[in-house]
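In: Any chance you can model this:
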Amino acid sequence: MATLVMPHKWPLTLPPLRIRVRSRYVCASMANAKPNNVRKEDIVIVGAGVAGLATALALQRVGIGSLVLEQAESLRTGGTSLTFFKNGWKVLDAIGVGSQLRTQFLEINGIVVKSEDGRELRSFKFEDEDQSSQEVRAVERRILLETLANQLPQNAISFSSKLKSIETSENDETMLKLEDDSQISAKIVIACDGIRSPVAKWMGFPDPRYVGHCALRGLGYYPNGQPFEPKVTYVYGRGVRAAYVPVSPTKWHINITNIPGRLLNSYQKTSDAGPKITDPSILRQETEKLVKNWPSELLDVIRSSPDDTLIRTPLVDRWLWPGISPPASTGKVVLVGDAWHPMTPNLGQGACCALEDAVVLAKKLAEAMKFGTSTVEDAFRSYGSERWPRIFPLTVRANLVGTILQLENSVVCSLRNNVIVPKLVRLGPMLEHTNFDFEPLHFDAV
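Out: Modelled structure (predicted):
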């Protein structure tokens, strides 16, 4: 179909969503209801996280509106920060928020690698190692979500809308039933509902696999200005590793990864990943014990992290095996971001790849709607075929990097610290995966 337009009349029992209509902007959300409490929507995005909001904004850039369902009462702005490399910033620029975010966060100019006793093993500058103008900044998750959401039309996000069930209806639409028993009949569903995605499970995907490591994250706060250089610092120990990353002039991200238990087959068995600890004081105490003899600046960041920023989570991923894993889409339902390809954070590409998904999907969906030469199903299959060769190797590589760095064997760790890192590692080749090209998003695409 060439365009999606609002029908002239619908039997209304609920007030319509108020959507700002801009020049050549096609309103794809039809917030109407039938007498049986079923609303009709053209495009529904499940999840208002990074992937969901970025997808909604990418669609808006090509003139397509959408309704975003979020199960919480407001944006879930907890957590610490996300690191974006140049591929992530390229997408943030394309969807119109890059410049606004750059003014708030520090540019990281290099990497320092240390051993647990504080000895510097290697130091890199991005400008020396990556000739294609690398850009690295850590962005506070709260500010990122608020910035994305503020670019969307009023009422584009429906809060307190938790998905209860999903099924295909007889008229080739998808029926979404919410926890409050209201229902939405959607022509297109884009699932951005995270690693425990009920939509992915409905499509036949297995639960993400626990990889054997847990990560504690915090966000150090220095009201008078943080004292560190704008570099990422990695510290490698035996079975434990840490990273602290500059975020803003007053904030510093901390990430400590360790092996709390044996390798599992299911993310759901989190008890085997060690006791579930949510008390920030206990988390802080246990973490300080773990790295008590490590560099003092690491302990300083831990101690400066407010309680509400300290979280501990098991790391998971899902390998999209060719010929075995389900495709990214089923009919007019498609997965984006962690809902499709959760990966460990060892390459810093989870959020970047979610942003890439958003612009590729938006472009293909806009082309299908504009020219009518392909169906929505074809556009989704093309999206999956294009993204898989990039996503699968990155997921595997991130897993292997984490596994190697997490080894406890003293001989292996000595070889890593005295030979591999100081003499063999080259940052440029390691960052080749941050090269990503895509066709520009044009507002008049439909």
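In: Ser169: neighbour count?
Out: Ser169: 12 surrounding residues under other CB atoms under 10 Å. Heads up, the C-betas are built off the backbone N, CA and C, glycines and all.
In: swap in Trp321?
Out: Trp321 is flanked by 8 other residues according to other CB under 10 Å.
In: before we move on, what about Gly118?
Out: Per other CB under 10 Å, the neighbour tally for Gly118 reads 13.
In: Same question for it, what's its three-state structure.
Out: coil (DSSP: H, G, I helix; E, B strand; the rest coil).
In: Would you mind listing the residues in contact with it?
Out: Going by CB atoms under 8 Å, 6 or more residues apart in numbering, Gly118 touches 294-295.
In: Give me the pLDDT value at it.
Out: Turning to Gly118, the model gives it a pLDDT of 94.
In: And it, its phi and psi?
Out: phi 90, psi 0 (degrees, to the nearest 10).
In: separation between it and Glu127?
Out: Separation of Gly118 from Glu127 (CB to CB, to the nearest Å): 26 Å.
In: packing partners for the helix or strand where His213 lies?
Out: In this assignment (DSSP states H and E), His213 forms part of strand 209-221. When contacts are defined as 3 or more CB pairs under 8 Å, 6 or more residues apart in numbering; DSSP states H and E, strand 209-221 packs onto strand 251-258, helix 296-303, strand 311-317, helix 376-405.
In: Which residue lies closest in space to Ala362, excluding its sequence neighbours?
Out: Spatial nearest neighbour of Ala362, chain neighbours left out: Ala58 (3.7 Å); criterion: CB to CB, 6 or more residues apart in numbering.
In: meant to ask about Arg142, not that
Out: Arg142 sits nearest to Thr77 (CB to CB, 6+ apart), 3.7 Å away.
In: again with Lys201
Out: Nearest residue to Lys201, sequence neighbours excluded (CB to CB, 6+ apart): Asp207, at 7.6 Å.
In: So the one you found lies in a helix, does it not?
Out: No. Assigned with three-state DSSP, Asp207 falls outside any helix and is coil.
In: Use 20 as the first number for this chain going forward.
Out: Happy to do that; since the first residue is 20 now, the last one works out to Asp226.
In: Quick one: neighbours of it, just the number.
Out: By other CB under 10 Å, 18 other residues sit near Asp226.
In: give me phi/psi at it?
Out: Residue torsions, per degrees, to the nearest 10, at Asp226 are phi -60, psi 150.
In: Quick check: it vs Ser216, distance?
Out: Asp226 is 10 Å from Ser216, by CB to CB.
In: How about the residue nearest to the spatial centre of the chain: what's its closest non-neighbour residue?
Out: The centroid of the chain falls nearest to Ala370 when counting by CA atoms, centre = their mean (3.3 Å). Leaving aside its sequence neighbours, Ala370 sits nearest to Leu101 (CB to CB, 6+ apart; 4.4 Å).
In: list the contacts for the one you found?
Out: For Leu101, the contact set (CB under 8 Å, 6+ apart) comprises 69, 157-158, 160, 163, 370.
In: could the helices and strands packed on strand 228-240 be laid out in CSV, adding distance to Gln304?
Out: Rendered in CSV, the data for those read as follows (distance: least, CB to CB, whole Å):
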stretch, distance to Gln304
strand 270-277, 13
helix 315-322, 10
strand 330-336, 12
helix 395-424, 25
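In: and of these, who's closest to Thr297?
Out: Shortest separation from Thr297 across the helices and strands packed on strand 228-240 is recorded for strand 330-336, at 8.1 Å, computed as CB to CB.
In: Quick one: mean pLDDT for the closest one?
Out: 92.
In: and the next element down the chain from it?
Out: Taking DSSP H and E as the definition, the helix or strand right after strand 330-336 is strand 348-349.
In: what's the average pLDDT for that next one?
Out: 98.
In: In strands only, show me the contacts of Leu101.
Out: 157-158 (DSSP state E).
In: Could you work out the most separated pair of the contacts of Leu101?
Out: Val69 and Ala157 (13.6 Å).
In: any chance you could map the helices in the protein?
Out: Secondary structure of the chain (DSSP state H): helices at 69-80, 105-113, 117-121, 145-148, 160-169, 217-221, 299-309, 315-322, 369-390, 395-424, 429-434, 446-449.
In: Where among those helices is average confidence lowest?
Out: Among the helices of the chain, helix 145-148 scores lowest, with a mean of 80.
In: quick one: contacts of it?
Out: Taking CB under 8 Å, 6+ apart as the rule, helix 145-148 contacts 127-130, 153, 155, 445-447, 450.
In: just stretch 425-444 next, same as before
Out: Outside stretch 425-444, the residues that touch it by CB under 8 Å, 6+ apart are 132, 134, 138, 140-141, 231-232, 255-258, 260, 276-278, 423-424.
In: circling back to that earlier point, specify the beta-bridge partners of the residue nearest to Ala370.
Out: Using DSSP bridges, the bridge partners assigned to Leu101 are Val158.
In: Distance check, it against Leu434.
Out: Taken as CB to CB, the span from Leu101 to Leu434 is 32 Å.
In: what bits of the stretch 220-369 of the chain have low per-residue confidence?
Out: By pLDDT under 70, the weakly predicted segments of the stretch 220-369 of the chain are 279-296.
In: Compute the number of surrounding residues for Ile330.
Out: Ile330: 17 neighbours (other CB under 10 Å).
In: What sits closest to it if chain neighbours are left out?
Out: Distances taken as CB to CB, 6+ apart put Arg236 closest to Ile330, at 5.5 Å, once the chain neighbours are dropped.
In: hang on, isn't the one you found packed against Val266?
Out: No. Assessed by CB atoms under 8 Å, Arg236 is found out of contact with Val266, at 11.8 Å.
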